[in-house]
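In: build me a model:
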Amino acid sequence: MDIAKESSLTPLGSMPFKTGDATFEKRFTAWQTGVPVRSGWLAAATRAAVTAFFDTTPLSGSLWVRERLLQYVTVAPKGMDASALDQGPHAQAAVALAFERTAG
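Out: Residues are numbered from 1 along each chain as shown. Down below sits the predicted model:
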């Protein structure tokens, strides 16, 4: 899975993933990039964690779940201070926990 803000480019060879949540899909786009995920995987609590992650990180990038690993791919702007950059891992941990809960 790849999840990014709506204006992001579609990853090559991916298929769109619809959540049924119009509010979420207005802000974000999710793509299946490999093995299909099970129904309900991107549940309401997980979408809320993804939204909170993107709302708290000062960076622009994509969340990837590849081979059971959660990654955030971004480029930090030159001159960004460490305290602003430190917010990202805390929000990413919340997303990882939400994915673990829905993955069963």
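In: spell out the residue ranges of the strands in the protein.
Out: Assigned by DSSP state E, the chain shows strands spanning 2-5, 15-17, 28-32, 61-66, 69-74.
In: wait, residue 16 sits on residue 30?
Out: Yes. With contact defined as C-beta atoms under 8 Å, residue 16 and residue 30 form a contacting pair (7.4 Å). Placement of C-beta: from N, CA and C, glycine included.
In: which one's more surrounded, those two?
Out: More neighbours surround residue 30 than the other of residue 16 and residue 30, with 23 against 10 (other C-beta atoms under 10 Å).
In: tally up the residues packed near residue 17, please.
Out: Neighbourhood size, residue 17 [other C-beta under 10 Å]: 18.
In: against residue 51, how distant is it?
Out: Going from residue 17 to residue 51 by C-beta to C-beta, to the nearest Å gives 16 Å.
In: pretty sure residue 73 is touching residue 65, no?
Out: No. With contact defined as C-beta under 8 Å, residue 73 does not count as touching residue 65 (11.6 Å).
In: and the gap between the residue of the chain positioned farthest from its centre and residue 40?
Out: The centre of the chain is farthest from one residue, residue 79, which by C-alpha atoms, centre = their mean lies 24.7 Å away. Here the criterion is C-beta to C-beta. By it, residue 79 lies 42 Å from residue 40.
In: please enumerate the helices of this protein.
Out: Using DSSP state H, the helices found in the chain span residues 22-27, 44-56, 82-103.
In: quick check: which of those helices is buried the most?
Out: Mean neighbour count (mean count of other C-beta atoms under 10 Å) peaks for helix 44-56 among those, with a mean of 17.
In: just checking, what packs against it?
Out: The contact analysis (3 or more C-beta pairs under 8 Å, 6 or more residues apart in numbering; DSSP states H and E) places helix 44-56 against helix 22-27, strand 28-32, helix 82-103.
In: adding distance to residue 55 and mean pLDDT, write the ones you listed out as JSON lines.
Out: Formatted as JSON lines, the helices and strands packed on helix 44-56 follow (distance: least, C-beta to C-beta, whole Å; pLDDT from 0 to 100):
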{"stretch": "helix 22-27", "distance to residue 55": "10", "mean pLDDT": "90"}
{"stretch": "strand 28-32", "distance to residue 55": "11", "mean pLDDT": "83"}
{"stretch": "helix 82-103", "distance to residue 55": "8", "mean pLDDT": "71"}
